[in-house]
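*Asks:* any chance you could fold what I've pasted below:
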Amino acid sequence: MGLAEDVRGRQRRYVVSMVIRTLSVIATVVLWNVQREVAIVTLVAGALLPYVAVVIANAGRESAPSLPSHFIPAPVRPALDAGNLRKSSDQS
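*Replies:* Below is the predicted model:
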């Protein structure tokens, strides 16, 4: 997908989200004295939709990180044998 197509798609998703938010706010005003519980739900939806709209609009061209194509083993560290270990009392 080209860059212009991607931007157009993002703008379209953002505009649709903002239209839904506008309808939600209008529904809040209309329903406030009729169905208070529904009006509160639409008010909360209208308050949260801008954040969701921005997140959705910004989701786009990033590719998901993939696993590395080759496995790189951890470096091997040589172990100390018992003859090389000295206690602090042995060091004189």
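
*Asks:* alpha carbons only for contacts and neighbour counts from here, please
*Replies:* OK.

*Asks:* what's the longest helix in the chain?
*Replies:* Identified as the longest helix of the chain according to DSSP state H is helix 3-31.

*Asks:* buried stuff in it?
*Replies:* Going by neighbour count (16 or more other Cα atoms under 10 Å), the buried part of helix 3-31 is R10, R13, Y14, S17, M18, I20, R21, S24, V25, A27, T28, L31.

*Asks:* which of those sits closest to P75?
*Replies:* Taking Cα to Cα as the measure, R10 is the one of the buried residues of helix 3-31 closest to P75, at 45.5 Å.

*Asks:* excluding sequence neighbours, find me the nearest residue to the closest one.
*Replies:* With Cα to Cα, 6 or more residues apart in numbering as the measure, A57 is the residue that lies nearest to R10, at 4.7 Å, once sequence neighbours are left out.

*Asks:* who touches V38 in this structure?
*Replies:* Shown in contact with V38 (Cα atoms under 8 Å, 6 or more residues apart in numbering): T28, L31.

*Asks:* for the remainder of this discussion, apply numbering that starts at 536.
*Replies:* With 536 as the first residue, the last one maps to V573.

*Asks:* just send the buried residues of helix 538-566 back as a markdown table, with pLDDT and distance to P610 too.
*Replies:* Putting the buried residues of helix 538-566 into a markdown table (pLDDT from 0 to 100; distance: Cα to Cα, whole Å) gives the following:
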| residue | pLDDT | distance to P610 |
| --- | --- | --- |
| R545 | 84 | 46 |
| R548 | 85 | 48 |
| Y549 | 85 | 49 |
| S552 | 86 | 51 |
| M553 | 87 | 54 |
| I555 | 90 | 56 |
| R556 | 90 | 55 |
| S559 | 92 | 59 |
| V560 | 91 | 60 |
| A562 | 92 | 63 |
| T563 | 92 | 63 |
| L566 | 91 | 67 |
